[in-house]
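Visitor: have a look at this prediction, sequence included:
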Amino acid sequence: MTSGGRGVTARRRAGAALITTAMLLLAGCGADPGAVYRDSAVKALEGSLSEARTAELAGRLWVTGRSTHSFAVVVVGESDTGVGADAAWFEQQQPPRRVDDAVRQQTTDALDGAASAVQSVRIALDRSDVPATRAALDELRSACSELETLAEAMS
């Protein structure tokens, strides 16, 4: 095949990609914006729940002597970053209608609570403070329950 043939093939692929993208965009035009926004909230809640539960497990393993301190510090630190990223991503989403402001408020409150609880665990772990870590883990368990309940209610 000559280089001219490659150009035609590349143009055909680009054209096919453009048509596919246009079809996907048109298909999404009929979606209820409130449902799409709620789905975004659920995804953020579920992502943060996963990160928070990971932090909770790592912290509990450390306070019960079943993992090393350095392992728990790394895992909780990464979970802290993940929860923060989920919260920041969702906060950038614009509620499509005034009625969706309640979804935004509930979701950001739950995400902020989880982020704060993971940070408390991280700080207590960094200090190697077992009693404070236990207390922070109790706070984190409550925040996880809130994330889970809200995600289920919005699904």
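Guide: Okay, I see it. Since the structure is predicted, the reported quantities are computational estimates derived from the model, not experimental observations. Numbering: from 1, shown residues only.

Visitor: number of residues surrounding E152?
Guide: Residues lying near E152 (other C-beta atoms under 10 Å) number 11. All C-beta atoms are positioned from the backbone trio N, CA, C, and that covers glycine.

Visitor: correction: the previous question concerned L57.
Guide: When neighbours are counted by other C-beta under 10 Å, L57 registers 16.

Visitor: next: the one 10 residues further on.
Guide: Burial of S67, expressed as a neighbour count using other C-beta under 10 Å, amounts to 16.

Visitor: ok, the closest residue to it other than its chain neighbours - contacts?
Guide: Take S67 and drop its neighbours on the chain: the residue closest to it by C-beta to C-beta, 6 or more residues apart in numbering is L61, 3.8 Å away. The contact partners of L61, by C-beta atoms under 8 Å, 6 or more residues apart in numbering, come to S67, F71, A72.

Visitor: mind checking which of these land in helices?
Guide: Secondary structure from DSSP state H places F71, A72 of those in helices.

Visitor: who's in contact with the host helix or strand of L140?
Guide: Element membership for L140 (DSSP states H and E) is helix 130-154. By C-beta under 8 Å, 6+ apart, the surrounding residues in contact with helix 130-154 are 38, 41-42, 45-46, 48-49, 52-53, 55-56, 59-60, 62-63, 103, 106-107, 110-111, 113-114, 116-118, 120-121, 123-125.

Visitor: against G84, how distant is the residue nearest to S67?
Guide: Computed with C-beta to C-beta, to the nearest Å, the distance linking L61 and G84 is 22 Å.

Visitor: ends of stretch 124-135, what's the gap?
Guide: Its start and end residues considered, stretch 124-135 measures 9 Å (C-alpha to C-alpha, to the nearest Å).

Visitor: mind listing what's buried along it?
Guide: A124, L125, T133 (16 or more other C-beta atoms under 10 Å).

Visitor: for stretch 39-50, same thing?
Guide: Buried residues in stretch 39-50, defined by neighbour count with 16+ other C-beta under 10 Å: S40, A41, V42, A44, L45, E46, G47, S48, L49, S50.

Visitor: quick one: average confidence on it?
Guide: Averaging pLDDT along stretch 39-50 gives 96.

Visitor: per-residue confidence for R104?
Guide: Note for R104: predicted pLDDT of 97.

Visitor: list the contacts for it?
Guide: Shown in contact with R104 (C-beta under 8 Å, 6+ apart): Y37, A41, Q93, P95.
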